[in-house]
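Engineer: Pasting the sequence and the predicted coordinates here, then a few questions.
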Amino acid sequence: MLPFQTKHGVQVMLVGDSGVGKTCLLVRFKDGAFLAGTFISTVGIDFRNKVLDVDGMKVKLQIWDTAGQERFRSVTHAYYRDAHALLLLYDVTNKASFDSIQAWLTEIQEYAQHDVVLMLLGNKVDSAQERVVKREDGEKLAKVSCGWVGSQRVPLGLQGLSCPHQVANRCLQEYGLPFMETSAKTGLNVDLAFMAIAKELKQRCMKAPSEPSFQLHDYVKREGRGASCCKP
Ligand SMILES: Nc1nc2c(ncn2[C@@H]2O[C@H](COP(=O)(O)OP(=O)(O)OP(=O)(O)O)[C@@H](O)[C@H]2O)c(=O)[nH]1
């Protein structure tokens, strides 16, 4: 059954190290608010629903907010299989969270569906003073992380990575993962990230042959705003 036709709708999972802002991104998207103040780590997994209007069609997103802490990893592994899309986050003010992306990709490759829609997000770009991961570094990482292609599982990584010749998803091969910088604090690119996923899944499931195809990379590039926009 197509994800749009199930009662759960499209299942989107937020993953990344503890503290990168997964819960805040979800709250920003769901309620348009920012959870400032004390950081309360997610325990296990939590979820919220939101209905999006995607080109005139109502699409229900069920968004799973996973715990970034290592001790909950076995809980989150169980959810990968049912996810239609994954938003993989790092924190631009935390180099370790950026360095962990490689390990997250390996995990995704092991547990998620081969055709899952995957997007890389560098969050907290409002914290310009504290930034330690440049936008170009995020772009570069996204570009080389092209291992998630079609039905073939190939090594993901910065070194020695090669994309297979036959790939179902040429976009990934040519451009790597779709990438954006976000801020749960200001809302920068947050709605866009979820809308991009919904559009991509809608096109995969129900595009008529006569319709022009939706290009996720182009959409994200065209619609995404820079970090200098919309200061808090
Ligand atoms: N400046 C800034 N702070 C943020 C942003 N997003 C989250 N934070 C802060 O970062 C801390 C962690 O945010 P969470 O959303 O709880 O992080 P998480 O990834 O869900 O963490 P776990 O539940 O442990 O996996 C909180 O103190 C937030 O206020 C952001 O975009 N900008």
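Structural biologist: Everything's here; your move. Numbers count the residues shown, from 1 in each chain.
Engineer: and the spatially closest residue to Phe34 that is not a sequence neighbour, what is it in contact with?
Structural biologist: Counting by C-beta to C-beta, 6 or more residues apart in numbering, Phe34 lies nearest to Lys185, which is 5.0 Å off, once chain neighbours are set aside. (Glycine included, C-beta is placed from N, CA and C.) Taking C-beta atoms under 8 Å, 6 or more residues apart in numbering, we find Lys185 in contact with 24, 28, 34, 36, 124, 126-127, 232.
Engineer: Okay, Lys185 and Ala227: tell me how far apart.
Structural biologist: Plainly put, Lys185 is 12 Å away from Ala227 if you go by C-beta to C-beta, to the nearest Å.
Engineer: same thing with Leu118?
Structural biologist: From Leu118 to Ala227 the distance is 22 Å (C-beta to C-beta).
Engineer: likewise Phe194?
Structural biologist: Applying C-beta to C-beta, the value for Phe194 to Ala227 is 19 Å.
Engineer: now swap in Lys22 and tell me
Structural biologist: Distance from Lys22 to Ala227, by C-beta to C-beta: 19 Å.
Engineer: and these two? which has more neighbours close in?
Structural biologist: Lys22 (28 against 21; other C-beta atoms under 10 Å).
Engineer: now the more buried one: how far from the ligand?
Structural biologist: 4 Å (C-beta to the nearest ligand atom, to the nearest Å).
Engineer: what do you get for Ile197?
Structural biologist: Taking C-beta to the nearest ligand atom, one finds Ile197 at 18 Å from the ligand.
Engineer: who's in contact with the residue nearest to that residue when sequence neighbours are not counted?
Structural biologist: In this structure, Ile197 finds its nearest non-sequential neighbour in Ala85, 4.4 Å apart by C-beta to C-beta, 6+ apart. Counting by C-beta under 8 Å, 6+ apart, Ala85 touches 10-13, 116-119, 197, 200-201.
Engineer: again, only using 10 Å
Structural biologist: 3, 10-14, 61, 63, 112, 116-119, 193-194, 196-198, 200-201 (C-beta atoms under 10 Å, 6 or more residues apart in numbering).
Engineer: So which of these sit within helices?
Structural biologist: Judged by DSSP state H, those include 193-194, 196-198, 200-201 as members of helices.
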